[in-house]
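**Student:** Kindly return the folded structure for what I paste below:
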Amino acid sequence: MELKIGFVPSIISPSYEERTFDSLSLLVPKVTSAELKQVILHLKQQQRKLQARKTNDIIDILDQVIQLWLDPNYHYRKLAEELLPIVTGYDSEMIRVFLHSYLRSFRKEKLQRMVEVDFPNPLVLDDFRPRLSGGLTRAYGPELITHVFSGNVPALPLWSLVSGLLVKSSTLGKLSSSEPLFPCLFVETLREIDKDLAESISIIWWKGGEEELERIAFSSSEAVIAYGSEKSIDSIRKKVPSHVNLHAHGHKLSAGFIAKDCLQRVLVTETARRAAKDASQFDQQACLSPHVFFVEEKGNVSVREFASLLAQEMNNYEVKMPRARLSEQENQAIIQARSTFQFQAFQTNEIALFESEESTSWTVVYDKKTTLFPISPLNRFVYVIPVQSIDDVPTYLHEVRGLLQTFGVACTPKNFRSIIEVLGQYGINRVTFLGRMGEPEPGWHHDGRPHLADLVRWVDVEASVEIEMDAYDPNRI
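**Tutor:** Numbers count the residues shown, from 1 in each chain. Presented below is the predicted three-dimensional model:
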């Protein structure tokens, strides 16, 4: 099957490059330096029209797009469910369930909440509004944002696409080589509903490291939003000019904490099921995926027993939603890590290894000896570490403090407050309940920063203007 994707204005006729995924060939637009300059000029012209639109109108259009995508029979939704498993290697049922949950985060009321979290008076995106201290103020989004998309989780580019539209910025999107499909299908839907709004977006592809194209894109933008590995982010950071705001989202680490109250016999199976979901969803490729679960001791079920139950639930998840096929290098990383713990488990009962039979599909390591935050080789390989209480967890976080992102917690109201106080002090910027780690809520502070407010520039009109200009009023009495 061959499919042409991407999104370019009709002013150019780009060439297309083939990206092959098993039986599927995706043709992605590849532009020359001259064509890219034309595209950028077009996008900046379109942004002037976009700037004149009301934020609520843009939200209404996006909501219409989402409502279509929430219909399982919508043609682009059906196409995405058919092709994304081929493109990504992820299980089709996992993608189907994830898309339905993820897309609901962009319905009208959720988008309104995203705006109001960062702008208590959202009208500042449309007009100059009075300031409490006097005078007026208004927020302007960048004229053009270049988005460097990531492909480790399907549909992830929707976050930055929507963010750009909400602050009325034109979008130049660089497709990920590993998942170029979803953003193109989504923008095609936008074009079906509102062609003018879609004209403020162009989505193309170039090979990472193409110096001339990156120089043109980055230097022509007011902001760059980039997702990727630390190596990719470091490369981009060196190329983005100092006058351009870079919003970089590199590799992050996440973990979980399970209080002993959640190890009661009536709760422990559900707790293990939730942990297995978080450790299995998209094979731990997302920054939101846990590498380790810290589990409080002295519960009705021991921490070692919990590790065994977690292993059973990891196996159940594998039966329902099998892991993607791995490269030989990825398989070997798991095999080597397993070998280390197999040897240690023979020597001490403080380490135990639970693993899938005759495959590397999932791995659970119970480790009471480690004093460090263990880094997983990913692909459903997770650690369980016993702790006396939440107060012990920071000792494991010291070395990775700058890389921490999400903690999934399982607790009761009794100890909730003490848990979040400890985590908040040690660099965590998102706390959610276990089983919801891969599903951030609209308006969350990604990497601890405002989602939309960081993108805008403010113009303040001081109160003195209102006062002094009265003296120049020809109709003044």
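**Student:** CA atoms for contacts and neighbours, from now on please.
**Tutor:** OK.
**Student:** pLDDT weak spots in the protein?
**Tutor:** Flagging of the chain using pLDDT under 70 yields the residue ranges 477.
**Student:** Now do the domain split for it, please.
**Tutor:** 2-251+453-461, 253-433 (automatic domain parsing).
**Student:** Now mean neighbour count and distance to H445 too, for these, in JSON lines please.
**Tutor:** Shown next, in JSON lines, are these (neighbours: other C-alpha atoms under 10 Å; distance: least, C-alpha to C-alpha, whole Å):
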{"stretch": "domain 2-251+453-461", "mean neighbour count": "18", "distance to H445": "10"}
{"stretch": "domain 253-433", "mean neighbour count": "19", "distance to H445": "7"}
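**Student:** closest one to E439 among these?
**Tutor:** E439 lies closest to domain 2-251+453-461 among those, at 6.8 Å (C-alpha to C-alpha).
**Student:** and the end-to-end length of that closest one?
**Tutor:** End-to-end distance for domain 2-251+453-461, by C-alpha to C-alpha, to the nearest Å: 54 Å.
**Student:** Kindly report the same for stretch 119-135.
**Tutor:** With C-alpha to C-alpha as the measure, stretch 119-135 spans 17 Å from end to end.
**Student:** begin at 611 from here
**Tutor:** Fine by me, first position is 611 from now on; the one you just mentioned is stretch 729-745.
**Student:** List of residues touching that stretch?
**Tutor:** With C-alpha atoms under 8 Å, 6 or more residues apart in numbering as the test, stretch 729-745 has contacts from 661-665, 725-726, 746-750, 777, 1063, 1070-1076.
**Student:** If we use 10 Å, what do you get?
**Tutor:** With contacts defined as C-alpha atoms under 10 Å, 6 or more residues apart in numbering, stretch 729-745 is touched by 661-666, 722-723, 725-726, 746-751, 776-778, 1062-1063, 1066, 1068-1077.
**Student:** do the same with stretch 1028-1039
**Tutor:** 863-865, 867, 869, 999-1005, 1007-1008, 1010-1017, 1019, 1021, 1040-1042, 1054-1059.
**Student:** As a markdown table, the domains of the chain with distance to D1083 would be great.
**Tutor:** Converted to a markdown table, these look like this (distance: least, C-alpha to C-alpha, whole Å):
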| stretch | distance to D1083 |
| --- | --- |
| domain 612-861+1063-1071 | 18 |
| domain 863-1043 | 51 |
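**Student:** From the centre of the chain outward, give me the first residue you hit.
**Tutor:** Closest residue to the average C-alpha location of the chain: L766 at 5.3 Å, with C-alpha atoms, centre = their mean.
**Student:** was I right about E802 contacting L672?
**Tutor:** No: contact between E802 and L672 fails when scored by C-alpha atoms under 10 Å: they sit 11.7 Å apart.
**Student:** ends of stretch 1057-1076, how far apart?
**Tutor:** Stretch 1057-1076: ends 39 Å apart by C-alpha to C-alpha.
**Student:** Same question for stretch 782-802.
**Tutor:** Start-to-end, stretch 782-802 (C-alpha to C-alpha) is 19 Å.
**Student:** Run the chain-centre distance for it.
**Tutor:** In terms of C-alpha atoms, centre = their mean, to the nearest Å, the gap separating the centre of stretch 782-802 from the centre of its chain is 15 Å.
**Student:** can you check stretch 813-825 too?
**Tutor:** Its chain's C-alpha centre and that of stretch 813-825 lie 22 Å apart, by C-alpha atoms, centre = their mean.
**Student:** Ok, stretch 789-803 next?
**Tutor:** Distance, stretch centre to chain centre, for stretch 789-803: 18 Å (C-alpha atoms, centre = their mean).
**Student:** what sits against G616?
**Tutor:** Shown in contact with G616 (C-alpha under 10 Å, 6+ apart): 626, 636-640, 783-785, 790-795, 797-798, 812-815.
**Student:** can you do 6 Å?
**Tutor:** When contacts are counted by C-alpha atoms under 6 Å, 6 or more residues apart in numbering, G616 is found next to V638, P639, C794, I813, I814.
**Student:** same question, F759
**Tutor:** Per C-alpha under 6 Å, 6+ apart, neighbours of F759: P767, L785, S786, Y837.
**Student:** Could you rerun that using 7 Å?
**Tutor:** Counting by C-alpha atoms under 7 Å, 6 or more residues apart in numbering, F759 touches P767, G783, K784, L785, S786, A836, Y837.
**Student:** Can you tell me who H757 pairs with across the strands?
**Tutor:** G783, I835 (DSSP bridges).
**Student:** my read: it touches A836, true?
**Tutor:** Yes: between H757 and A836 there is a contact at 5.9 Å, judged by C-alpha atoms under 7 Å.
**Student:** that older thread, make JSON lines out of the contacts of F759 and add distance to D701.
**Tutor:** Listed next are these as JSON lines, based on distance: C-alpha to C-alpha, whole Å:
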{"residue": "P767", "distance to D701": "20"}
{"residue": "G783", "distance to D701": "26"}
{"residue": "K784", "distance to D701": "25"}
{"residue": "L785", "distance to D701": "22"}
{"residue": "S786", "distance to D701": "20"}
{"residue": "A836", "distance to D701": "26"}
{"residue": "Y837", "distance to D701": "23"}
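**Student:** Help me confirm that G1018 is found in a strand?
**Tutor:** Yes: under DSSP: H, G, I helix; E, B strand; the rest coil, G1018 sits within a strand.
**Student:** Who does it form a beta bridge with?
**Tutor:** When assigned by DSSP bridges, G1018 has beta-bridge partners G866, T1042.
**Student:** just L634 next, same as before
**Tutor:** On the basis of DSSP bridges, L634 is bridged to F631.
**Student:** That one and L863, how far apart?
**Tutor:** From L634 to L863 the distance is 33 Å (C-alpha to C-alpha).
**Student:** any chance you could map the helices in the stretch 711-860 of the chain?
**Tutor:** Ranges of helices within the stretch 711-860 of the chain are 718-728, 768-776, 792-803, 805-808, 821-829, 840-849, based on DSSP state H, counting those that start in this stretch.
**Student:** Which among the ones you listed is found nearest to I615?
**Tutor:** Nearest of the helices of the stretch 711-860 of the chain to I615, taken as C-alpha to C-alpha: helix 792-803 at 6.1 Å.
**Student:** which residues touch the closest one?
**Tutor:** For helix 792-803, the surrounding residues in contact (C-alpha under 7 Å, 6+ apart) are I615, G616, F617, V675, Y686, A690, P764, A765, P767, L768, A808.
**Student:** go on, stretch 926-942?
**Tutor:** G699, Y700, D701, E703, M704, D893, T970, S971.
**Student:** next one: it to chain centre, how far?
**Tutor:** How far stretch 926-942 lies from its chain's middle: 22 Å, per C-alpha atoms, centre = their mean.
**Student:** Also stretch 873-887?
**Tutor:** 26 Å.
**Student:** Repeat that for stretch 1053-1065.
**Tutor:** When distances are taken as C-alpha atoms, centre = their mean, stretch 1053-1065 is centred 12 Å away from the chain's centroid.
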